[in-house]
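> Quick one: sequence and predicted model below, then my questions.
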Amino acid sequence: MTVKRCVLGLLGPTASGKTELAIELADRYDIALISVDSAMVYRGMNIGTAKPTPAILQKYPHALVDIVEPETNFTVSEFIRRADAAVHQSFAENKTPLLVGGTMMYFKAFREGIAPLPPRDPEFRKQLRERAEIAGIPALHAELQSIDPKACDKIHPNNYPRIERALEIFSQTGIPMTQFLKENAGFPATNRLDCDYVEFAITYHRREELHERVKDRLDSMLRAGFVDEVKGLRQRPGLSASVSSMRTVGYRQLWEYFKEYPESAISDAVKERILVANRGLIRRQLTWLRNWSTLPNYNELNSPLTRDAMHSQLEALGFPATSN
């Protein structure tokens, strides 16, 4: 049977078991894995991102893992460019691309496309960072509030990279980012890549169960050397709290803690801050998924049985299991 040219997406909240299911699918189908994770793109951030081990990555290669240094502000547009290239490479190898991860903004941008944005302005960014050092990031968020309140509704007051980009777009175009994106729509994946696109979302865990899974995973990360990993990153001269890689949950809380208490052992209070941040992340991820529940070609794996039924759905779409 000839498989129709198609891209698959496998998404879900943090600690929901996406990697495990992706590997199960890779054992069963002739697919190529493409990571959709805004933190796994960075080299040297292994433990705190729950990155698959080198042994797993060797056996089950993931495109878009370990592709840039953590000093780089990796953008959504760069993700789409690289993801599209990985999809084309998968098609060239006669494999079906499977995008797997939990960065919902990346999934939305891949699915719908984004507007071609103005180029970065290094001088503007330098001046903005100097202002952030003096007045603080929330002050810049307040400035953006007066320019683009709709954007501010979706940007955390401490999310410097997104605040920076929104102010930069307004500086270059005179148009609020929300209006600019509305007036300059991108091309969806089905048009860009000339393919079908089908998503599967893991939704069968209760939120409380995810919280427990995150707690257990954090304990494992700490035993594996997460603290030393962050301390090592803090020695890199090009890294700071404003760089997007260090805004990642876990890294951000440890960075702030060791800035204030560089010689202290990790406290229960900072561990709780990491867990609270993870719970907030899970809440936002589940909100994204609820908003997508009525999209065409979107399938919820809302129980372990529907996870098993995913194989039948894939085979009905034309994806026969491999013989190996």
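Alright, I've got the coordinates. Residues are numbered from 1 along each chain as shown.
> Could you list which residues are in contact with the nearest residue to Gly12 once chain neighbours are set aside?
Leaving aside its sequence neighbours, Gly12 sits nearest to Ile202 (CB to CB, 6 or more residues apart in numbering; 3.2 Å). Every C-beta, even on glycine, is put in place using the N, C-alpha and C of the backbone. Ile202 is in contact with Leu10, Leu11, Gly12, Pro13, Ser16, Gly17, Lys18, Leu21, Leu301, Arg307, counting by CB atoms under 8 Å, 6 or more residues apart in numbering.
> Is Ser16 in contact with Arg207, as I believe?
No: using CB atoms under 8 Å, Ser16 makes no contact with Arg207, being 10.7 Å away.
> more crowded one of the two?
Per other CB atoms under 10 Å, whichever of Ser16 and Arg207 has more neighbours is Ser16, with 23 against 11.
> I'd like the contacts of Ile202 written out as CSV, with secondary structure added.
Shown next, in CSV, are the contacts of Ile202 (DSSP: H, G, I helix; E, B strand; the rest coil):
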residue, secondary structure
Leu10, strand
Leu11, strand
Gly12, coil
Pro13, coil
Ser16, coil
Gly17, coil
Lys18, helix
Leu21, helix
Leu301, strand
Arg307, helix
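> out of those, which are buried?
Among these, those scoring as buried are Leu10, Leu11, Gly12, Pro13, Ser16, Gly17, Lys18, Leu21, Leu301, Arg307 (criterion: 16 or more other CB atoms under 10 Å).
> just curious, which of those is nearest to Pro176?
Pro176 has its nearest neighbour among the buried ones among the contacts of Ile202 in Leu11, at 29.0 Å by CB to CB.
> Next one: the closest one from Ser267, what distance?
For Leu11, the distance to Ser267 (CB to CB, to the nearest Å) stands at 34 Å.
> Could you do Glu183 as well?
Taken as CB to CB, the span from Glu183 to Ser267 is 49 Å.
> Next: Asp228.
Distance from Asp228 to Ser267, by CB to CB: 16 Å.
> Contacts only, for the most centrally placed residue in the chain.
Among the residues of the chain, the one closest to the centroid is Thr103, at 2.7 Å (CA atoms, centre = their mean). Taking CB under 8 Å, 6+ apart, we find Thr103 in contact with Val36, Asp37, Ser38.
> Which among the residues you listed count as buried?
If you count burial by 16+ other CB under 10 Å, the buried members of the contacts of Thr103 come out as Val36, Asp37, Ser38.
> now, which of those residues sits nearest His211?
Closest approach between the buried ones among the contacts of Thr103 and His211, by CB to CB: Asp37, at 20.0 Å.
> if I read this right, that closest one contacts Gly102, doesn't it?
Yes: contact criterion CB under 8 Å: Asp37 and Gly102 qualify, at 6.5 Å.
> Can you name the residues that contact the residue nearest to Ala26 when sequence neighbours are not counted?
Excluding the flanking residues, the one nearest Ala26 by CB to CB, 6+ apart is Tyr60, at 5.2 Å. When contacts are counted by CB under 8 Å, 6+ apart, Tyr60 is found next to Ala22, Ile23, Ala26, Leu33, Pro52.
> Which of the helices or strands spans Ala201?
strand 196-202 (DSSP states H and E).
> State the mean pLDDT of that strand.
Confidence for strand 196-202, expressed as mean pLDDT, is 94.
> cool, stretch 209-221 as well?
Rounded mean pLDDT across stretch 209-221 is 97.
> and Ala269, what helix or strand is that in?
Short version, using DSSP H and E: Ala269 is in helix 268-291.
> pLDDT on the host helix or strand of Ala32, on average?
Assigned by DSSP H and E, Ala32 belongs to strand 31-36. Average pLDDT, strand 31-36: 97.
> how about the CA coordinates for the helix or strand just after it, as PDB?
Counting by DSSP H and E, the next helix or strand C-terminal to strand 31-36 is helix 54-59. Provided in PDB are the C-alpha atoms of helix 54-59 (Å, rounded to 0.1, in the frame of the first residue of the first chain):
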ATOM      1  CA  PRO A  54      22.300   9.900  23.800                       C
ATOM      2  CA  ALA A  55      21.600   6.100  23.500                       C
ATOM      3  CA  ILE A  56      17.900   6.800  22.600                       C
ATOM      4  CA  LEU A  57      18.800   9.600  20.200                       C
ATOM      5  CA  GLN A  58      21.300   7.300  18.500                       C
ATOM      6  CA  LYS A  59      18.700   4.600  18.000                       C
END
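> Alright, calling it a day.
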